[in-house]
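# build me a model:
(2 chains)
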Amino acid sequence: MSDVSAEGPSDLLVDRRDFVARMGALAAVAAAGGCTLPREAGPAPPPPEAVEGARAFFRDAPRPDLSRPGYADPAELTAWQAGTLIRDGELAATEFLEAHLARIRRWDQVYMAFNHLLDEDGLRRAAALDDGEPQGLLHGIPLAIKDNYYTAGVPTTANSHIFRDFVPDFSATAVHRLEQAGGILLGKTQMGPLATTRALTPDGEVTTVNAWAPGEPRISPGGSSSGSATAVAARMAASSIGTQTGGSITVPSLAQGLTGLKPTMGRVSLYGVIPLTYTRDHPGPLARDARDAALLLQAMAGPDPRDPRTQGLPPVGDFLTAATPVEESGGPGLRWPTRIGVLAGWADGDGEEARQRRAFLRTMEEAGADLVEVELPERWSELASGTFNAVRLPERSEPFLEYLKDDVRLFGVSLSSWINGLFISGDEYLKGQRAKLALLRLAVDELLAKCDVVVQTGHVPFDMIGLPLAALPIGMREEDEEHPRPRGILLGAGPFGEERLLSVAAAYQARTDWHTRRPPEPTADDEARLTGPRARSRGRLDVESVARRSQ
Amino acid sequence: MRRRPPSREELDDYIRTRLALIGIDLSVLPEDDPDAPADQLRVLRSARRVLEQTVPALSDYSLDPQEVPPSMYPAHLPAVRQVAMEEGRPAPAAGGSGRPEEDAP
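Numbers count the residues shown, from 1 in each chain, chains lettered A, B, ... in the order given. Below is the predicted model:
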């Protein structure tokens, strides 16, 4: 493990101007045709050296209180809790995996979170892991993988006709690293077709439901990493990974009470991930809490010779330490002095959401944060508008052009986004890339000049400019009495501010228990509505609505 | 020059022509079938929306080329604008949103 924590989090070590210049170069690479669909090639590169701090992380982590209601089922454990028990010899990887498989067998016909299960392979791997000493960070942890990550020898469909029969012969770098860290691939998860919107069949039929409202498919599970989110929320996987181009990690995390982390552009390799938008695609974890998100990110992050976006960056941070709050006399506190920027009006009002936001801010002050009022810079809303958001579209059309020429029906219900990208001209695309640089400058020079972390009102701006985002639950939406479900917030940070975000989330979670809430099991009515001979349709989206909602 | 918004038929012709130029064939889709994964009517309507809303907004938005250079050489437009203003001729907008001056060259 690097010794970054002794000096401070990585965001203090970064030359922000250099990051702006890098993003400019990235836009230029995209303009020059730097995006290709990954080709089948040799095996993924070797992983980074095993993280030395793993042993300390598990040694210092609090032991789970197994007397708590519900913990009789190992599937209720977080990844770090299970990792602690596995290291202590109190839980076998096989037992932990079986617990999740049992829930999948019982419930996934309702949730429809998985595309493809790897139960037999997983059990073989769990047995092998049980025969050895725990080494890696994720030893024996069952993971759900979004179906746009290449997985060697396993179908990788991105829920699209285009990849219907595609079985890559190597795994995406991120997946390879998770396995090298001891993670067990439990299955590939449902997703929006080609990562566009909530999980649908290629032709638009709704599949995955929100684990908090399984009987009401109209309540979105979030998109497009919905299958990964529902798998974790429904305790069918200990943790998961997704990708974010336009909210696809943070939106499902917010919808289902998870802790999602979209890292800085380049922190995690995209090699072996089916592309959506070259300058905006980000891989990251959807986890049960900040510690679990840190475990996955620590395993996935780092330079990859096959992805130029990962090259020449600051050293990978110490996410495990960042996600371990400091014990102060007044309770768990932030690891570093941290200024949280609060947008004017963000927590104003009498409604439940405003009250929950104020409670979050109070908790963070108690944990040692300085709250700083900030305003969005002039021109921010123009540069982050839907107009400039649309310049992502040509980046999805270009690498798929041969498929568009072959047969537009291959795109199913996702077709319009790919067609629409052909109508943004070259000069408009370039202007959009320049606008992103202008927005990034406003972010680093103005918005983040006064704070280390800033509350967000939406994911689009930081998705556009490659800055990190974290989503975490801060309460429940009790106003929907029939379907109460989590409410969360979105936090952003400067370049390579993942440690900062994790430290805030971890300190908050050490003082609250919203992240420990679990959705109830589906009712008999839910089951009857969605499965069996009298099952109703879950609904469908048409080609226009998918284009409007597209990530 | 004042803009005349293109008609729906003109936009559809433009869309079909552009697609035909690069070898993309929408005619394999049903013409109007709300139950199909994609049909011509809805695909064209979605593309028209981009042409009618996004394209003019992108085109009209002006970014200061010195602040956000389009490439690594000095921006020339500010100089042109300065000379034009000194000579009392119309000049391109200097940045920000909104429609360009109607008489701009």
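# mind giving me the domain ranges of chain B?
B:8-60, B:64-98 (automatic domain parsing).
# any idea which of those scores lowest on pLDDT?
Mean pLDDT values for these show the minimum at domain B:64-98, a mean of 65.
# how about the residues of chain B near chain A?
Residues of chain B found near chain A (Cβ under 8 Å from any Cβ of the partner chain) are B:15, B:18-19, B:22-26, B:28-29, B:34, B:37-39, B:42-43, B:45-47, B:50-51, B:53-55, B:57-59, B:61, B:63, B:67-70, B:96-97. From N, CA and C alone the C-beta is placed, and that goes for glycine too.
# of these, which belong to helices?
B:I15, B:R18, B:L19, B:R42, B:V43, B:R45, B:S46, B:A47, B:V55, B:A57, B:L58, B:S59 (DSSP state H).
# make a ChimeraX selection of whichever of the residues of chain B next to chain A turn out to be buried.
One line in ChimeraX is enough to select the buried members of these, burial here meaning 16 or more other Cβ atoms under 10 Å in any protein chain shown:
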select /B:15,19,24,26,29,37,38,39,42,43,45,46,47,50,51,54,55,57,58,61,63,68
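# state the distance from the closest residue to A:L530 other than its chain neighbours to A:T208.
Nearest residue to A:L530, sequence neighbours excluded (Cβ to Cβ, 6 or more residues apart in numbering or on different chains): A:V110, at 5.2 Å. Look at A:V110 and A:T208: by Cβ to Cβ, to the nearest Å, they are 10 Å apart.
# compare the two (neighbour count), which wins?
Of the pair A:V110 and A:T208, A:T208 is the one with more neighbours under other Cβ atoms under 10 Å in any protein chain shown, namely 33 against 23.
# correct me if wrong, but A:F58 is in a helix.
Yes. Inclusion of A:F58 in a helix is indicated when DSSP: H, G, I helix; E, B strand; the rest coil is applied.
# that one: how many residues sit nearby?
Quick note: A:F58 (other Cβ under 10 Å) scores 21 neighbours.
# residue contacts, it?
Residues in contact with A:F58 (Cβ atoms under 8 Å, 6 or more residues apart in numbering or on different chains) are A:W80, A:G83, A:T84, A:R87.
# show me the two of those residues that sit farthest apart.
A:W80 and A:R87 (10.5 Å; Cβ to Cβ).
# and those two? which has more neighbours close in?
A:W80 (29 against 18).
# how about the contacts made by A:V444?
A:V444 sits in contact with A:R16, A:R17, A:F19, A:V20, A:G494, A:P495, where contact means Cβ under 8 Å, 6+ apart.
# any of those residues buried? List them.
For the contacts of A:V444, buried by 16+ other Cβ under 10 Å: A:R16, A:F19, A:V20, A:G494, A:P495.
# can you lay out those residues as JSON lines showing distance to chain B?
Formatted as JSON lines, the buried ones among the contacts of A:V444 follow (distance: Cβ to the nearest Cβ, whole Å):
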{"residue": "A:R16", "distance to chain B": "16"}
{"residue": "A:F19", "distance to chain B": "16"}
{"residue": "A:V20", "distance to chain B": "11"}
{"residue": "A:G494", "distance to chain B": "20"}
{"residue": "A:P495", "distance to chain B": "18"}
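# low-confidence stretches in the stretch 401-550 of chain A?
For the stretch 401-550 of chain A, no stretch is flagged by pLDDT under 70.
# how about A:C451, phi and psi?
Backbone torsions of A:C451, given as degrees, to the nearest 10, read phi -150, psi 160.
# all helices of the stretch 401-550 of chain A, in order?
Applying DSSP state H, counting those that start in this stretch to the stretch 401-550 of chain A gives helices spanning A:401-406, A:415-420, A:426-445, A:460-465, A:498-511, A:524-530, A:543-549.
# what would those look like in TSV with distance to A:D292?
Listed next are the helices of the stretch 401-550 of chain A as TSV, based on distance: least, Cβ to Cβ, whole Å:
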stretch	distance to A:D292
helix A:401-406	36
helix A:415-420	32
helix A:426-445	28
helix A:460-465	22
helix A:498-511	10
helix A:524-530	27
helix A:543-549	28
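# in helices, which of the contacts of A:F58 appear?
Checked against DSSP H, the contacts of A:F58 include these in helices: A:W80, A:G83, A:T84, A:R87.
# tell me which of those is nearest to chain B?
Nearest to chain B, judged by Cβ to the nearest Cβ, of these is A:W80 at 41.9 Å.
# how about the contacts made by that closest one?
So A:W80 contacts A:F57, A:F58, A:A61, A:D289, A:R291, A:D292, A:L295 (Cβ under 8 Å, 6+ apart).
# so which of those is the most crowded?
Highest count within the contacts of A:W80 by other Cβ under 10 Å belongs to A:L295, 31 neighbours.
# for it, which three-state class applies?
helix.
# so which residues on the stretch 301-450 of chain A come close to chain B?
Residues of the stretch 301-450 of chain A lying near chain B (Cβ under 8 Å from any Cβ): A:379, A:382, A:386-388, A:390-391, A:393, A:401, A:404-405, A:407-409, A:411-413, A:415-416, A:419-420, A:422-425, A:428, A:430-432, A:434-435, A:437-438, A:441.
# which of the residues you listed are buried? Put it as a ChimeraX command.
A single ChimeraX command selects the buried members of those (16+ other Cβ under 10 Å):
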select /A:379,382,387,388,390,391,393,404,408,411,412,413,415,416,419,420,422,423,424,428,430,431,432,434,435,437,438,441
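# can you pull the contacts of the closest residue to A:L186 other than its chain neighbours?
Excluding its sequence neighbours, the residue lying closest to A:L186 (Cβ to Cβ, 6+ apart) is A:P142, at 4.1 Å. If a contact means Cβ under 8 Å, 6+ apart, then A:P142 has A:F96, A:L97, A:H100, A:G122, A:G183, A:I184, A:L186, A:A237, A:A238 as its contacts.
# beta partners of A:P142?
A:I184 (DSSP bridges).
# can you report phi and psi for the residue nearest to A:L530?
phi -80, psi -50.
# and if you look at A:P217?
phi -60, psi -20.
# relative to A:A181, how far out is the residue most central in space within chain A?
In chain A, the C-alpha nearest the mean C-alpha coordinate belongs to A:I249, at 3.5 Å (Cα atoms, centre = their mean). From A:I249 across to A:A181, the span is 19 Å (Cβ to Cβ).
# please apply the same query to A:A174.
For A:A174, the distance to A:A181 - Cβ to Cβ - is 11 Å.
# same check, this time on A:G136
4 Å.
# more neighbours, those two?
A:A181 (24 against 21).
# helix/strand/coil for A:L186?
Three-state assignment for A:L186 (three-state DSSP): strand.
# for it, give its distance to chain B.
30 Å (Cβ to the nearest Cβ, to the nearest Å).
# leaving out chain neighbours, which residue sits closest to residue 11?
With no chain named, the answer covers chain A. Here the residue nearest A:D11, using Cβ to Cβ, 6+ apart, is A:G497, at 4.0 Å.
# nope, chain B
Take B:L11 and drop its neighbours on the chain: the residue closest to it by Cβ to Cβ, 6+ apart is B:R48, 4.8 Å away.
# B:D13 is in contact with the one you found, correct?
No. Judged on Cβ atoms under 8 Å, B:R48 makes no contact with B:D13 at a distance of 11.2 Å.
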